[in-house]
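In: sharing a model prediction with you, sequence too.
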Amino acid sequence: MSSTKPGRDEEAISRFIERFASSLGETGFPRMAARVFVALLVSDDGKMTAAEIADRLQVSPAAVSSAVRFLTQVNLVGREREPGSRSDRISVRGDCWYEATLRKDQVMSRWREDVRGGVEAVGQDTPAGERLAETLLFLEFIEEEMPKLLERWRERKAELRRRGLQMSIDEGGGR
């Protein structure tokens with residue numbers, strides 16, 4: 001398992017896993033799925049077996065299995081089997097944040113349609129209708145801007161790689 005390499009502070013990593021998983025949980029992410037996802041993020045190659053994940057998080061294989069099923073359904077992880085191996089390796093997708101953002105965009109599209117129905121139901125000229133109409137305008141704005149933002153990210157990431165720069169917090173992130 002890649003989490004035992006020299007130079008890694010295992011206690012700090014465990015605290016980070018729990019802290020970031022908790023942050024993801026506050027947004028509605030299932031707790032165990034968040035812990036599994038973050039454990040994969042902190043592994044050097046982004047891949048672990050279910051047994052390695054269970055060992056890392058000190059949880060049952062069944063808990064890992066359920067979490068991986070969820071993460072696979074939302075396209076944040078994939079499964080692969082190395083030739084000659086009997087165990088699947090679960091890997092975090094390289095474009096996981098992009099995928100998560102796209103999924104949120106799909107959710108916002110559904111919300112937009114639901115809110116439009118709400119405006120019609122309560123009447124646009126009522127206080128509730130005005131509130132819902134403003135919500136609808138916001139959702140439409142986000143839907144319009146999200147593809148542009150994602151394209152800008154793809155361009156920035158490609159430029160960093162073209163220039164051979166390591167993508168790190170020293171390269172303009174980590175605000």
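Out: Nice, I can see it.
In: find the nearest non-adjacent residue to residue 143, please.
Out: Beyond its immediate neighbours in the sequence, the residue positioned closest to residue 143 (CB to CB, 6 or more residues apart in numbering) is residue 108, lying 5.7 Å away. All C-beta spots, glycine's among them, are computed from the backbone N, C-alpha and C.
In: ok, the one you found touching residue 141?
Out: No - counting by CB atoms under 8 Å, residue 141 is not a contact partner of residue 108; they are 10.2 Å apart.
In: would you map the helices across the protein?
Out: Along the chain, the segments classed as helices by DSSP state H run 10-26, 31-42, 50-57, 61-73, 96-122, 127-162.
In: so how many other residues sit close to the residue nearest to residue 143?
Out: Summarising burial for residue 108: neighbours were counted as other CB atoms under 10 Å, giving 17.
In: look up how far residue 136 lies from it.
Out: Going from residue 108 to residue 136 by CB to CB, to the nearest Å gives 11 Å.
In: again with residue 119
Out: Shown here: residue 119 relative to residue 136, a distance of 6 Å by CB to CB.
In: same question, residue 104
Out: Using CB to CB, we find residue 104 at a distance of 17 Å from residue 136.
In: neighbour count: the two, which is higher?
Out: Taking residue 104 and residue 136 together and counting by other CB under 10 Å, residue 136 has the greater number of neighbours (19 against 14).
In: that one contacts residue 116, doesn't it?
Out: Yes - because the distance of 5.9 Å satisfies CB under 8 Å, residue 136 is recorded as touching residue 116.
In: residue 16 contacts residue 38, doesn't it?
Out: Yes - under the criterion of CB under 8 Å, residue 16 makes contact with residue 38 at 7.4 Å.
In: who has more neighbours out of these two?
Out: The neighbour count for residue 16 versus residue 38, taken as other CB under 10 Å, is higher for residue 38 (23 against 14).
In: pretty sure the more buried one contacts residue 15?
Out: No - the pair residue 38 and residue 15 does not pass the contact test of CB under 8 Å, sitting 11.1 Å apart.
In: how close does the residue lying closest to residue 31 once chain neighbours are set aside get to residue 51?
Out: Excluding the flanking residues, the one nearest residue 31 by CB to CB, 6+ apart is residue 25, at 4.9 Å. Residue 25 sits at a distance of 24 Å from residue 51 (criterion: CB to CB).
In: more neighbours, those two?
Out: Relative neighbour count places residue 25 above the other of residue 25 and residue 51, with 15 against 12, counting by other CB under 10 Å.
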